[in-house]
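Asks: Build me a model from this:
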Amino acid sequence: MRGLLLAAAMLGTASAAHAADMPDMPILRGSFTDGLSNSSVNWQGYYVGGQGEYGAITSKVSPGINSDIQSTFVSPGPAYNWQPLAFAHSNSAGYGAFAGYNGQWDDVVLGIEANYIHGGFKSTSSSVGQTFNGFNVLVATAATSAVVGVSDFGSLRARAGYAWGCFLPYAFIGGGVGSQTVDRYASASPSPVLPATTFTSKSKLVYGYSGGLGVDVMVVGGLFLRAEYEYQRVTSDIESNVNSVRAGLGYKF
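Replies: Numbers count the residues shown, from 1 in each chain. Below is the predicted model:
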């Protein structure tokens, strides 16, 4: 028994001496995990970045929006059976950029940001009306549609967030302007007896407001990732509502 105790004591002494002789190991800094584990990220300053989005648009198209061009169709037989249009819907994607400035007081972060999206949001509504004779034979078809596009929307946002380590969850509200294009179509068979208006298009500058939630995540140095949800309402002759999610990559100077 004494032999075992003596051997254990000798091994412990040798291990302690070996550890004391080992040089201090260097600590790596600036790695990916160092950025994510940093508990005191400084969010104050200017930043820029790029982003992509995917979302759904709903446009409140009036049921009789095409009544003016439909009135130019004169049927050679029974009257065309024009059907009303419903709200227009579609899903689409876009891309853009953002730039802003953050001020930080302890863990509270307040800022202002310019945000731009070049989107391909185009909502479509269409209908087809058929006319039958007394023998239930199709004698005429009338089709009509409207396409509402919203693109190149730029907004100015106010942001408020709370710094939690390398994470910055935030909420925002904003307002801005963009471009809206409304394309309207009509067709009929058999062809009208006189030339008719089959297509018309109109573009205009529209304004709107937005709000949403997001989170910025500092990765390393000033590089950060962004994930965001935005609700946007565009007000004009045809009101449009867009719900989208975004992902971005930015750099804080």
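Asks: For the rest of this, base every contact and every neighbour count on C-alpha atoms.
Replies: OK.
Asks: Specify the beta-bridge partners of Val245.
Replies: Assessed by DSSP bridges, Val245 has beta-bridge partners Tyr54, Tyr229.
Asks: quick one, what contacts it?
Replies: Applying C-alpha atoms under 8 Å, 6 or more residues apart in numbering to Val245 gives the contacts 53-55, 227-230.
Asks: Kindly indicate the member of the residues you listed with the most neighbours.
Replies: Ranked by neighbour count (other C-alpha atoms under 10 Å), the contacts of Val245 have Glu53 at the top, with 21 neighbours.
Asks: Spatially nearest residue to it (excluding sequence neighbours)?
Replies: Among residues not flanking Glu53 along the chain, Arg246 sits closest, at 4.3 Å (C-alpha to C-alpha, 6 or more residues apart in numbering).
Asks: what ranges do the strands span in the protein?
Replies: Assignment of strands within the chain using DSSP state E yields the ranges 45-59, 88-105, 108-119, 121-132, 138-162, 167-189, 199-220, 223-235, 240-252.
Asks: Columns pLDDT on top of the contacts of Val245, output as TSV?
Replies: Formatted as TSV, those follow (pLDDT from 0 to 100):
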residue	pLDDT
Glu53	95
Tyr54	96
Gly55	94
Ala227	98
Glu228	98
Tyr229	98
Glu230	97
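Asks: what bridges to Ala158?
Replies: Ile112, Ile173.
Asks: wait, doesn't it sit right on Glu113?
Replies: Yes. Between Ala158 and Glu113 there is a contact under C-alpha atoms under 8 Å: 6.5 Å.
Asks: More neighbours: which of these two?
Replies: A count of neighbours by other C-alpha under 10 Å puts Glu113 above the other of Ala158 and Glu113, at 20 against 16.
Asks: Skip the chain neighbours and tell me the closest residue to that one.
Replies: The shortest distance from Glu113 to any non-neighbouring residue, by C-alpha to C-alpha, 6+ apart, is to Gly100 (4.0 Å).
Asks: Give me the distance between the residue nearest to Glu53 and Tyr185.
Replies: Separation of Arg246 from Tyr185 (C-alpha to C-alpha, to the nearest Å): 33 Å.
Asks: And for Gly208?
Replies: 26 Å.
Asks: quick one: stretch 128-143 to chain centroid distance?
Replies: Computed by C-alpha atoms, centre = their mean, to the nearest Å, the chain-centroid distance of stretch 128-143 equals 43 Å.
Asks: measure that stretch end to end?
Replies: End-to-end distance for stretch 128-143, by C-alpha to C-alpha: 4 Å.
Asks: Just the residues contacting stretch 228-243, thanks.
Replies: Counting by C-alpha under 8 Å, 6+ apart, 55-62, 206-215, 244-247 sit against stretch 228-243.
Asks: And stretch 80-93, by the same measure?
Replies: By C-alpha under 8 Å, 6+ apart, stretch 80-93 touches 52-65, 70, 119-131, 140-148, 188.
Asks: cutoff 7 Å now
Replies: 53-64, 119-131, 140-142 (C-alpha atoms under 7 Å, 6 or more residues apart in numbering).
Asks: So how do I select the buried members of those in ChimeraX?
Replies: This is how ChimeraX selects the buried members of the contacts of stretch 80-93, with burial counted by 16 or more other C-alpha atoms under 10 Å:
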select :53,54,55,56,57,58,59,60,61,119,120,121,122,123,124,125,126,128,130,131,140,141,142
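Asks: so Gly165 makes contact with Trp43?
Replies: No. Counting by C-alpha atoms under 7 Å, Gly165 sits too far from Trp43 to count as a contact (10.4 Å).
Asks: quick one, which of the two is more surrounded?
Replies: Here Gly165 and Trp43 are compared on neighbour count by other C-alpha under 10 Å; more neighbours surround Trp43, at 25 against 17.
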